[in-house]
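In: sequence and predicted model, in that order:
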Amino acid sequence: VQVVRTGFELKTPVYNLLSPKTDERLAKLKKFADIQGVENAGGHIGFSMTGKNDHELIDLCAGFIPLIFAMYKKRLANDYCNGKSIKALKDSGDKMQAIRMCGHYIEFRVIASVKSYNSVLFRLNFFRILAKNIGKTFSQVIGMAVNKNSELHKLLTSDVYSDPNKFERLIKDAI
């Protein structure tokens, strides 16, 4: 735990995204997750895959990146989380870009601060869906997002984008 201006920064150890033990470990953080009112903090997520470097990994995640950028679009227009194309992300060593290249993993810095334990679970489930669908094209990801039977659609519309107008804006922004 690192103290910052108006609170603290919690850095978890590396968790296996697909393990049920991760759910148990994250449940222990529940009391720290309800931090309403912190707007300038991030909820950064490191993402890795055995045998893949950061350039290979970002290529495999590329289909999801426009959707992720649309989900956190307010964070893209600042100096601590620059939105860039995949090529520009790869070519830059900038620590302050939306997705930071870290050699053996990528860090999604675009993710906003945690506001509640539900947002922790949303992110966990979103990245589980990404991991299960790694390598999908953007068209395939958008197809999953709008398919009412898909796991991605059910997650997106379960809470954060339950308002149909908000969900429609998300899809338009991603496109």
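Out: On my side now, so go ahead.

In: what's the neighbour count on residue 79?
Out: 6 (other CB atoms under 10 Å). Where you see a C-beta, it was placed from the backbone N, CA and C, and this is true even at glycine.

In: what's the nearest residue to the spatially most central residue of the chain if we skip its chain neighbours?
Out: Centroid-nearest residue in the chain: residue 111, 5.1 Å away (criterion: CA atoms, centre = their mean). Nearest residue to residue 111 in three dimensions, chain neighbours excluded: residue 43, at 4.4 Å (CB to CB, 6 or more residues apart in numbering).

In: and what of residue 174?
Out: residue 70 (3.9 Å).

In: touching, residue 49 and residue 60? I think so.
Out: Yes - proximity of residue 49 to residue 60 meets the contact threshold set by CB atoms under 8 Å, at 7.3 Å.

In: of the two, who's got more company?
Out: residue 60 (19 against 16).

In: can you pull the pLDDT of the more buried one?
Out: Note for residue 60: predicted pLDDT of 97.

In: which secondary structure state is assigned to it?
Out: helix (DSSP: H, G, I helix; E, B strand; the rest coil).

In: now it: how far from residue 143?
Out: 18 Å (CB to CB, to the nearest Å).

In: run a quick neighbour tally on residue 45.
Out: For residue 45, using other CB under 10 Å, the count is 19.

In: residues contacting it?
Out: Contacts here follow CB atoms under 8 Å, 6 or more residues apart in numbering; on that basis residue 45 touches 107-108, 111, 123, 127.

In: what bridges to it?
Out: residue 108 (DSSP bridges).
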